[in-house]
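Engineer: Next one to model:
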Amino acid sequence: MSKHDRLLKREDCVLVVIDAQEKLLPVIHAQEEVVANIAKLVKFAGIVDLPVVVTEQMKLGSTVAAVAEAGLRDPAIAKISFDCFGCEDFVQKIKALKRKTLVLAGVEAHICVFQTALSALEDFRVQVVGDAVSSRMARNRDLALARLRHAGCVVSSTEMFIYEILRQAGTEEFKATLPLVK
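Structural biologist: Below is the predicted model of the structure:
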């Protein structure tokens with residue numbers, strides 16, 4: 001595998017925002033940082049034209065305003081399963097995008113993000129954005145990220161993902177992205 005095969009390719013990526021919802025986020029550890037990072041990822045996706053798929057667990061309200069207003073174009077996919085792949089609408093949306101890499105953000109890290117990531121590993125490269133996921137307790141987030149690494153997911157950060165996709169400075173995309181990372 002060459003070094004270029006290890007780097008993400010924007011044409012292969014889809015950002016999946018899992019359950020960043022009004023009724024759930026108030027009890028999430030480091031919720032302000034998590035919401036801010038998810039919003040950055042959504043804004044960045046708009047700059048570099050990455051598709052974004054958003055899920056909402058039934059009965060937990062809408063996606064929080066900071067994320068919804070960051071540039072979401074498509075409505076959220078409602079689900080009752082913890083694993084997004086247990087929802088046929090999600091499966092069909094992901095298949096239709098024909099992308100090979102899922103970049104995951106959202107809550108809860110040890111439940112919905114975790115189960116979705118493990119299911120995705122059968123057919124996709126999976127990158128979990130560690131500072132854009134959390135759980136009610138930091139301990140559960142940390143254990144989920146450790147298990148996901150062990151299972152074969154890449155765990156990165158918001159800035160790592162952004163700069164990996166950008167690849168170089170000096171472009172219009174880079175200039176448009178700078179306000180997000182300063």
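
Engineer: who does the top strand by length along the chain touch, helix- and strand-wise?
Structural biologist: In terms of residue count, the longest strand belonging to the chain (DSSP state E) is strand 125-134. Counting contacts by 3 or more Cβ pairs under 8 Å, 6 or more residues apart in numbering; DSSP states H and E, strand 125-134 packs against helix 31-48, strand 101-107, helix 114-120, helix 138-151, strand 154-156, helix 158-166. Glycine gets a C-beta too; all of them are placed from N, C-alpha and C.

Engineer: Would you mind measuring from residue 74 to residue 40?
Structural biologist: 19 Å (Cβ to Cβ, to the nearest Å).

Engineer: who has more neighbours, the two?
Structural biologist: residue 40 (24 against 10; other Cβ atoms under 10 Å).

Engineer: Wait, the more buried one touches residue 158, no?
Structural biologist: Yes - contact criterion Cβ atoms under 8 Å: residue 40 and residue 158 qualify, at 5.5 Å.

Engineer: lowest average confidence, helix or strand, in the chain?
Structural biologist: The helix or strand of the chain with the lowest confidence, counting by mean pLDDT, DSSP states H and E, is helix 3-6 at a mean of 66.

Engineer: Alpha carbons only: can I get the helix or strand that that one is followed by in PDB?
Structural biologist: Per DSSP states H and E, the first helix or strand lying C-terminal to helix 3-6 is strand 13-18. What follows is strand 13-18 as a C-alpha-only set of coordinates in PDB (Å, rounded to 0.1, in the frame of the first residue of the first chain):
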ATOM      1  CA  CYS A  13     -15.800  10.000   1.400                       C
ATOM      2  CA  VAL A  14     -19.200  10.700   2.900                       C
ATOM      3  CA  LEU A  15     -19.700  12.500   6.200                       C
ATOM      4  CA  VAL A  16     -22.200  10.700   8.400                       C
ATOM      5  CA  VAL A  17     -23.600  12.700  11.300                       C
ATOM      6  CA  ILE A  18     -25.300  10.400  13.800                       C
END
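
Engineer: which neighbours does strand 13-18 have in its sheet, and in what orientation?
Structural biologist: If you go by DSSP bridges, strand 13-18 pairs up with strand 52-57 (parallel), strand 101-107 (parallel).

Engineer: Those into JSON lines, with extra columns for mean pLDDT?
Structural biologist: JSON lines is the format used below for these (pLDDT from 0 to 100):
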{"stretch": "strand 52-57", "mean pLDDT": "98"}
{"stretch": "strand 101-107", "mean pLDDT": "98"}
